[in-house]
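Student: Next comes the sequence, and after it the predicted model I'd like to discuss.
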Amino acid sequence: MGRYSYDDMPPEGYRERRESGRRGTFIIAFVGILLTLIAIVLYLLYTPHQAMPEEEKAGASTVEVSVPEPEILQSSITKESDEITVEEAPAPVEAEVAEEAAPAVEAEPEIKVAAEAEIAVEPEPESAIVVEEAPAEPVAEESVLESEVKPMVPSEYVVQDGDTLQSIASAFDITPETIIDFNAMSEAAVTPGETLLIPQYRGIMYTMRSDDTLSDVVSRYNPELSAADIAKLNSLTSTSVPEGTRIFIPASGSEIEGMPRFSSPVAGGTILMHNAEYFREKGETIYGIVIAAKPGTPVTASASGTVESVGFTPDRRRYVELVHEDGYTTSYTGLERILVSNGREVKEGDAIGTIGTSSNYYGESAILFSVSQDGIRINPETVCKF
């Protein structure tokens, strides 16, 4: 027989129940430990930290610094050179540091200053301070050679019996104010036998000031002209005009001798043929200038005027003619499109047509631009600015 008799043997299922009880006990213990850990973590996260007790703060390091007042020696001043010499002896600083063992909690040491030294420093005299100012940038000058204006040559007129300022001004197509200003007259009266200088244009005399530039003055009184134009008109060699110089500025709208009367009808165009040039391919002489540009480029009025006629020729295609003041006529031949009609008033720069390839008379997209005065053909390059 074995160790146990049949009566001592455990009942059926005993071992299984015992093993099941052990597992249950283990699970309960594990859950209890886990809940304890969770409780500890929540405590650490949500419980506020307590402030450091005053007794622990007292154990922090204390640094005491004692700064004696520096010794300031008497300054020696030399009146002749206005120089100040200050000799100061270096002041040693003695510090007594008392350190105690710091606790585990880190804290910044407190610094106590036993005494603050007040040092009176005498300011340096203004004579000892030298301030260097940067020189002003020079104003860029325009080259007088760039202007096509001719120097003004005033006429001399001897006042006759019965003359008045109004009658003299009307005779020269200027204003009495121009004569008064140009001759620096103190009163609007003339005396027989008196000689007056008569300018060619209406305008004013201006006296340059120290803060003036010629460009600024011209832009105020006649923006149609440049500083180089006014310098050339007044026979000056530079646009940098000294203070006190009197200069004459023509009124806006004045026709200045030498100034181009017309502008180019094709902006950015290229001159293919010049006036009176022989056109071999067609066996003819060109009266005017041939200007080429890309198809679709606008053709504009060279000056303000009135559309006298628009038309079409079999060889040169569409054209426009404008009439202007003083008997001038301009013609634009070889247009792709015409944008104006007879009798229309146009201003300088207004589009009157476009360049194209429909005529191809000159071998590429181009127009013939011609100018005449009182029916006489003239070279456009003498009156136009290209």
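Tutor: Received, thanks. Numbering: from 1, shown residues only.
Student: which residues of the protein score low on pLDDT?
Tutor: Low-confidence segments of the chain (pLDDT under 70): 1-14, 48-146, 315-316, 359.
Student: go with 50
Tutor: For the chain, the stretches with pLDDT under 50 are 1, 4, 57-58, 60-61, 63, 65, 67, 72-121, 125-131, 134-139.
Student: Can you give me the domain boundaries for it?
Tutor: Domains of the chain are assigned by automatic domain parsing as 144-250, 262-385.
Student: which residues does residue 204 contact?
Tutor: 177, 178, 181, 221, 248, 249, 251 (C-beta atoms under 8 Å, 6 or more residues apart in numbering). Where you see a C-beta, it was placed from the backbone N, CA and C, and this is true even at glycine.
Student: So the third one belongs to a strand, correct?
Tutor: No: counting by DSSP: H, G, I helix; E, B strand; the rest coil, residue 181 is not part of a strand but helix.
Student: Which strand or helix spans residue 45?
Tutor: helix 14-46 (DSSP states H and E).
Student: returning to that earlier point: just send the domains of the chain back as JSON lines, with distance to residue 256 too.
Tutor: Output for these, formatted as JSON lines (distance: least, C-beta to C-beta, whole Å):
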{"stretch": "domain 144-250", "distance to residue 256": "6"}
{"stretch": "domain 262-385", "distance to residue 256": "13"}
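Student: So for residue 23, which of these sits nearest?
Tutor: Closest approach to residue 23 among those is made by domain 262-385 (97.2 Å; C-beta to C-beta).
Student: Contacts for stretch 159-168, please.
Tutor: Stretch 159-168 has contacts (C-beta under 8 Å, 6+ apart) with 157, 176, 179-180, 188-196, 198.
Student: With stretch 271-283 instead?
Tutor: For stretch 271-283, using C-beta under 8 Å, 6+ apart, the contacting residues are 284-292, 361-364, 366, 379-381, 386.
Student: and the gap between residue 342 and residue 306?
Tutor: 9 Å (C-beta to C-beta, to the nearest Å).
Student: which residues touch residue 253?
Tutor: By C-beta under 8 Å, 6+ apart, the residues touching residue 253 are residue 224.
Student: Check which helix or strand it maps to.
Tutor: Using DSSP H and E, residue 253 sits within no helix or strand.
Student: Would you mind measuring from it to residue 385?
Tutor: Distance of residue 253 to residue 385, computed by C-beta to C-beta: 17 Å.
Student: got it, and residue 358?
Tutor: Taken as C-beta to C-beta, the span from residue 358 to residue 385 is 29 Å.
Student: Next, count neighbours for the closest residue to residue 261 other than its chain neighbours.
Tutor: Excluding its sequence neighbours, the residue lying closest to residue 261 (C-beta to C-beta, 6 or more residues apart in numbering) is residue 383, at 4.6 Å. Neighbourhood size, residue 383 [other C-beta atoms under 10 Å]: 17.
Student: Numbering from 3 from now on, please.
Tutor: Sure, I'll start counting at 3 from here, so that last one is residue 385.
Student: List the residues that contact residue 385.
Tutor: Per C-beta under 8 Å, 6+ apart, neighbours of residue 385: 262, 263, 264, 330, 373.
Student: The fourth one against residue 306, yeah?
Tutor: Right, the one you point to is residue 330. No: the criterion here is C-beta atoms under 8 Å, and residue 330 misses it with residue 306 at 10.8 Å.
Student: Those two: which has the busier surroundings?
Tutor: Neighbours per residue (other C-beta under 10 Å) separate residue 330 from residue 306, with residue 330 holding more: 19 against 14.
Student: Give the bridge partners for the more buried one, please.
Tutor: For residue 330, the beta-bridge partners are residue 375 (DSSP bridges).
Student: Ok, residue 309 next?
Tutor: Applying DSSP bridges, one finds that residue 309 bridges with residue 324.
Student: repeat for the one 10 residues further on
Tutor: Judged by DSSP bridges, the bridge partners of residue 319 are residue 315.
Student: How about the contacts made by it?
Tutor: Counting by C-beta under 8 Å, 6+ apart, residue 319 touches 335, 336, 337, 338, 360, 361, 363.
Student: Just the buried residues from those, in PyMOL please.
Tutor: Filtering the contacts of residue 319 down to the buried ones (16 or more other C-beta atoms under 10 Å) takes a single PyMOL command:
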select buried, resi 335+336+337+338+361+363
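Student: Take the contacts of residue 319 and keep only those in strands.
Tutor: 335, 336, 337, 338 (DSSP state E).
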